[in-house]
Structures are given as C-alpha cells and as structure tokens.
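K.L.:
Kindly generate the corresponding structure for this input.
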Amino acid sequence: MDTIASFFSFITTPVSWVIVQFHSLYGMIFGPDTGWAWGLSIVSLVVLIRICLIPLFVKQIKSTRNMQVLQPKMKAIQERYKNDKQRQSEEMMKLYKETGTNPLSSCLPILAQSPFFFALYHVLSSIASGNTIGVINQGLLDSARQAHIFGAPLAAKFLDSSDKVASLNATLTDVRIVTAIMIVMMSASQFYTQRQLMTKNVDLTVKTPYMQQQKMLMYIFPLIFAVTGVNFPVGVLVYWLTTNVWTMGQQMYVISQNPTPGSKAQDQYLQRLLKSITSHTEVRSRRKRGIVQAIVAKGPDRNDNERKFITGLAKVGLAAQADGTVLKSDTAAAEAESGNAAKRQQPKRQTKAKRQAAATHPGADKPAQAQDSEAAGEVAKTSLQKKDESEDTPSNPSGKPAAGSARQAKSGQRKGQQRPKHPSKK
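P.N.:
Have a look, this model is predicted:
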C-alpha cells in the first residue's frame, strides 16, 4: 500500500494544502488541536472533491442506464457470434459507438477519486510516522498527532501494536472499537446504496446478466471494505465513510428525480407527478414538462408505468400534449370511464370444480327462481310440441293413427308421402 501511495505522491501537496486551509477555519471554532478540527477538515475535503466530480457522476448514471438498455442486444450478439470472438468484439464496439455508450464511464468517479484517496493515506501515514509532508510543517504535525476522534488518533489503525498506539497518546481498545464501528458503517452504507439501486432503479421487466452482476457487487463491495478497512488509518476511514454517505444521498436524489424507465422508482415518481398535476391542473416546471413530453412521444412503446400515468390523467379529465403540457378533455375522461366499465362487466372466471359440477348437473348453480322459470318453459314447450304432433298426425275412421305414421314416428322419418323404394331393394 505504501508503494501505491508513493506513486500518487505528486498530489499530496495539493491535498495537504486543502486540509490545512479547512483546519485553520475549523480551528478557530473547535480549537486547532482537536479531533473535530482535523476530522471536519477531512470531511470538507471529501465534499469538495465530490462536488468537482458531479459531471463524472452524471456520465456514470447515463452509462449505467445505457448498459441496462443494451443488455438484451449484447446478449443477442454473444449468442449469434459465440464461435467468432473477433466478430463478437467488433459488433460490440459498433453497438457502443451507435448508442454513444462507454462501458468505462461507470468507473470514472472511482478512478478520479483514487489519487486523492491514496494521497490522503500517504499524508496520514507520514503524520503517524512523525514526518512532515507537503505544506504540513512540524507545528501542524504535532497538532495532528494530538487530534483524536472519540479517543482514536487520526493516524492510528486497527492492526497497530499497543506501543505504536501509546505513542499517539491513546489505547488499543479505543482505537479498535472506533475503527470497527466505522468499518461496519462503511460496509452498511455501501450495501444499502447498491441494494437501493437494485430494488428501486432497475427495469424489472428485463432479466439480463447485468442484473446478476450488480447483485453480486451488492455483497462483494461491503466484504471488500470489511477486509481492507483494518489496514486504513482512522482519518482515511473518515474520508471513505463520508464519500459512501455522499454517494448514498446523491443516488437517493437521482433515483427519486430521474428514475430508470420501467423501474419501481419511476412508478413512484409518476404517481407523485400525477398527484401534482391533478391538484394544480398543469405541469409546473420545465423538467417535468420534458418528462411528460417524452412519455407522449413514445406512443404505443410506453411501459406499464407510463401507460398507468396517462390513464390516470384521463380519469381526471386531462390529456397530455406533445409539448409536455396538459389540457382538459371530456373525451379522455369518457374513454377512461368506458374502459373501466368494460373491465367491470367481464364475467368472473369460475373454478374448475364449479365448471365440472355445471357440466354434470346443468342448472345446478342457478338460482331457484330461474330454475323454476326454466322448468315451466320446458313444460310449455313439450305441450306445444305434443299438440303440433297430434294435429299433423292423420287418423283413420276408427280414430286410431295409421300404421305408416307410427312407423315414421318410430324411425324418425319425415312426414308426408314417401318415395317408393327401388325394385332392387325390395
């Protein structure tokens, strides 16, 4: 780790200068030798760096979202050219170029933070060793060595020996308790950040290997923090915990305001937008109008959340326009109401047992009144049929029906004069 930190030594002077400037500010409030002055200086350094990295974070969000959208196409290319790796790579690069996606963009914030992280590690290691570094002179070095956070020196580590910790005016128990709590908080914040991304901001209608990869990272990253955290000084743990909390809050804001299409977060956002439009009967900001405009432009390609949003507008008599605004429309309300009525009029599907019982005993599941009316109808129908048969059947003078008629009734032949049989069939 010292070799890696030395590699980033070119940035130790700017990092140490920023820490000293913040220390001079907080030292006037909390005292120059307190852990609050030095600890808040490190926190302020993190905030300053993360503010500068916001453009990279925006690129990371776009790249991650594009990678999620491209996963089905990438999987199709892999299946199509599974025996030709060179052609597979060419098609992948072509797909990235056409869509403007850079797979490395998701790693840009981490890569950009790495020099500052290792530079801070190098600064704190020098303070623990009693060596001046960057703009930190001997006076500032002595002040930093006296600074403690809840009894743990900024330069102490979990695996330090008791003699080294004693040289920093602290006890090994205090150092290990503080570092253990901070490592647990680091791992928990990283796990929650990744879990929030997986459960709320992923299109659940598309199952891709990318989702499985992100699910694995949800457990791997906290484990990495837990294993490597014991080798970091307390000041570096403060830095890393602060950047994790910043990432968690920043991601919560992005998920709530710019969610991935088809995700649970998009459904929640559109429901909030629908409530706002319903109460004010207008779209009240340019960004929200842009979202409504994009949904209208999709047409039949809208996902379930977007169709639900358009239907919700129609129920309250509003129709979304192509420019992102909404207008009152009685037609939209009538169509939504008729659609709901059609859904309500659909008969309820019977269970298999009821269908079998109805087939075995027809009319058993009908009301008694309906059964009585049907029985009366059958009786009337039977009596009418008998009356017609009696009128159509010819009778001889003795009052008995003719024999031919009886045979016709038995055999089911039609009434009237029959055609004579062929001589060969006699």
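K.L.:
low pLDDT regions in the stretch 51-200 of the chain?
P.N.:
By pLDDT under 70, the low-scoring segments of the stretch 51-200 of the chain are 68-69, 103-106.
K.L.:
how about the strands in it?
P.N.:
With DSSP state E, counting those that start in this stretch as the definition, the stretch 51-200 of the chain shows strands at residue ranges 148-149, 152-153.
K.L.:
Quickly run through the sheet partners of the first one, with directions.
P.N.:
Okay, so that is strand 148-149. Here strand 148-149 is paired, per DSSP bridges, with strand 152-153 (antiparallel).
K.L.:
Run through who's touching the partner strand.
P.N.:
Here strand 152-153 makes contact (Cβ atoms under 8 Å, 6 or more residues apart in numbering) with 128, 145, 147, 165, 168-170, 174-175, 177-179, 234. Where C-beta positions appear, they are placed from N, C-alpha and C, glycine not excepted.
K.L.:
still on that earlier bit, so can I have TSV of the strands of the stretch 51-200 of the chain showing mean neighbour count and distance to residue 311?
P.N.:
Formatted as TSV, the strands of the stretch 51-200 of the chain follow (neighbours: other Cβ atoms under 10 Å; distance: least, Cβ to Cβ, whole Å):
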stretch	mean neighbour count	distance to residue 311
strand 148-149	22	54
strand 152-153	30	57
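K.L.:
could you dump the ones you listed to TSV with distance to residue 12?
P.N.:
Shown next, in TSV, are the strands of the stretch 51-200 of the chain (distance: least, Cβ to Cβ, whole Å):
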stretch	distance to residue 12
strand 148-149	22
strand 152-153	20
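K.L.:
Among the contacts of strand 152-153, name the ones in helices.
P.N.:
Residues of those located in helices (DSSP state H): 128, 145, 165, 174-175, 177-179, 234.
K.L.:
are any of the contacts of strand 152-153 buried, and which?
P.N.:
Buried residues within the contacts of strand 152-153, defined by neighbour count using 16 or more other Cβ atoms under 10 Å: 128, 145, 147, 165, 168, 170, 174-175, 178-179, 234.
K.L.:
Adding distance to residue 81, write these out as JSON lines.
P.N.:
Converted to JSON lines, those look like this (distance: Cβ to Cβ, whole Å):
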{"residue": "128", "distance to residue 81": "54"}
{"residue": "145", "distance to residue 81": "60"}
{"residue": "147", "distance to residue 81": "59"}
{"residue": "165", "distance to residue 81": "58"}
{"residue": "168", "distance to residue 81": "60"}
{"residue": "170", "distance to residue 81": "60"}
{"residue": "174", "distance to residue 81": "59"}
{"residue": "175", "distance to residue 81": "55"}
{"residue": "178", "distance to residue 81": "54"}
{"residue": "179", "distance to residue 81": "50"}
{"residue": "234", "distance to residue 81": "51"}
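K.L.:
just curious, which of those residues is nearest to residue 33?
P.N.:
residue 147 (6.3 Å; Cβ to Cβ).
K.L.:
so who does that closest one touch?
P.N.:
For residue 147, the contact set (Cβ under 8 Å, 6+ apart) comprises 33-35, 37-39, 153-154.
K.L.:
I'd like these as a markdown table, with distance to residue 100 appended.
P.N.:
Listed next are the contacts of residue 147 as a markdown table, based on distance: Cβ to Cβ, whole Å:
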| residue | distance to residue 100 |
| --- | --- |
| 33 | 52 |
| 34 | 50 |
| 35 | 47 |
| 37 | 46 |
| 38 | 44 |
| 39 | 42 |
| 153 | 49 |
| 154 | 44 |
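K.L.:
And the residues you listed, which two are furthest apart?
P.N.:
Using Cβ to Cβ, the contacts of residue 147 span at most 13.8 Å, a distance reached by 37 and 153.
K.L.:
what packs against whatever helix or strand residue 15 lives in?
P.N.:
Assigned by DSSP states H and E, residue 15 falls within helix 12-30. Where contact means 3 or more Cβ pairs under 8 Å, 6 or more residues apart in numbering; DSSP states H and E, helix 12-30 is packed against helix 35-52, helix 108-129.
K.L.:
Dump those helices into TSV; add distance to residue 158 as well.
P.N.:
Below are the helices and strands packed on helix 12-30 laid out as TSV (distance: least, Cβ to Cβ, whole Å):
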stretch	distance to residue 158
helix 35-52	17
helix 108-129	13
